[in-house]
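Visitor: Could you work out the structure for the sequence below:
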Amino acid sequence: MKKLLILSLLTLCLGGTLRAQEGIPVYFDYLADNYYLVYPSMAGIGQGGKVRLTARQQWFDVDNAPNLQTFNAHFRVGERSGVGGILFNDSNGFHSQTGFKATYAHHLQLAGDFRTLNQLSFGLSAVAILSSLDETEFRSVIPDPIISGVKNTVSYFNVDLGASYNYLEFYAHAAILNILGTGRDLFTAAEFDNLRRYLISAGYVFGKSSLRIEPSVLFQMTDFTRERTIDINAKVYKDLNANTTLWGGLSYRRSFDGAQFQQNGSFGEQRLQLFTPIVGVNINRFLVSYNYSYQSGDIRLDNGGFHQITLGYDLGERAENRYDCYCPAANY
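Guide: All right, here's what the predicted structure looks like:
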């Protein structure tokens, strides 16, 4: 129980508040050509479709440690439209959420034919979430009227909005998540209803040969608390043959805000810092990737890190409808 309380405190101080993470937390699975999981405007960006399954587990030796599972698929429909859907389950201590997102995206070809990737895209996701707080194991010597002793579950609806611009090997995305105000009344009698998060990212793939490099950045901010983080990423791709590409990279996440602490009579401040190596392989239509996030700093619950695996499958006629560029998030 003591370790679980420490877990919750660290999550609140270093990883963003639980309430600010309603919806799918932004981890590093987007680096596995899975930008639709973050940006609704990427639904159906290619001429075919993509299916992705991810699983993430933190601190294997800690009971009730955070874990996340997602399943998403998106497809092109007609010449200018894309549709997608995401199922997710996210658990963190006594709090859990299960949800579904349904997405429609509209793609505008700005110049060239369908083989030239030069698209401005807009996407809208409708989100339905069941959010739960399990108080059945809460114990108190003095009865607390706030603690119900049961598992409380509420449902609510929200909306995500995104925009993307893809031009050959360049891409830029922006999104506003949880646009609508929601009153769940799950954690306290009166909760704030501003769960909005802002995301923006950009990147470019350098190189036309069998070896390519892709630097990118992703910035996110929580509206109510003004918490801000930035991801600085770099990936390298190596073609082993016509049907197999091996790739790997490194992501560094740092928060702009810190949590103060006292140690040995002195005060300090620690900011979230995550180092995440990622490796993957594309074989024909299949993708497998793995990433491991390590949190640095003096205050940590456990020396272990956060493990995540992604499995993927691409749909469509590969040779005939691929864009004439090396753009892995759009091509299949």
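Visitor: residues in contact with the nearest residue to F75 once chain neighbours are set aside?
Guide: Once flanking residues are discounted, F75 sits nearest to G49: 3.5 Å by C-beta to C-beta, 6 or more residues apart in numbering. (C-beta placed from N, C-alpha, C; glycine too.) By C-beta atoms under 8 Å, 6 or more residues apart in numbering, G49 lies in contact with A73, H74, F75, R76, D314, L315, G316, Y332.
Visitor: and the fifth one, what element?
Guide: Right, the one you point to is D314. For D314, the element it lies in under DSSP states H and E is strand 306-315.
Visitor: in its sheet, what does that strand sit against?
Guide: Next to strand 306-315 in the sheet, as set by DSSP bridges, lie strand 49-58 (antiparallel), strand 286-295 (antiparallel).
Visitor: Strand partners (parallel or antiparallel) of whichever helix or strand comes after the first one?
Guide: Following the chain from strand 49-58 toward its C-terminal end, the next helix or strand by DSSP H and E is strand 67-77. When sheet partners are counted by DSSP bridges, strand 67-77 sits next to strand 49-58 (antiparallel), strand 81-92 (antiparallel).
Visitor: Run the chain-centre distance for strand 67-77.
Guide: 11 Å (C-alpha atoms, centre = their mean, to the nearest Å).
Visitor: next one: stretch 251-258
Guide: On C-alpha atoms, centre = their mean, the centre of stretch 251-258 falls 15 Å from that of its chain.
Visitor: Other residues contacting it?
Guide: Residues outside stretch 251-258 that contact it (C-beta under 8 Å, 6+ apart): 14, 28, 31, 226-233, 269-278, 291.
Visitor: Pull out the buried positions in stretch 231-251.
Guide: Under the neighbour-count criterion of 16 or more other C-beta atoms under 10 Å, stretch 231-251 has D231, N233, K235, Y237, D239, T245, W247, G248, G249, S251 buried.
Visitor: Widest-spaced pair of those?
Guide: Comparing every pair within these by C-beta to C-beta identifies D231 and D239 as the most remote, at 25.7 Å.
Visitor: circling back to that earlier point, go through the strands paired with strand 306-315 and pick out the most buried.
Guide: Highest mean neighbour count among these (mean count of other C-beta atoms under 10 Å): strand 49-58, with a mean of 21.
Visitor: just the helices in the stretch 201-332 of the chain please.
Guide: Using DSSP state H, counting those that start in this stretch, the helices of the stretch 201-332 of the chain run over 318-321.
Visitor: I meant to write the stretch 51-200 of the chain there.
Guide: Going by DSSP H, counting those that start in this stretch, the stretch 51-200 of the chain shows no helices.
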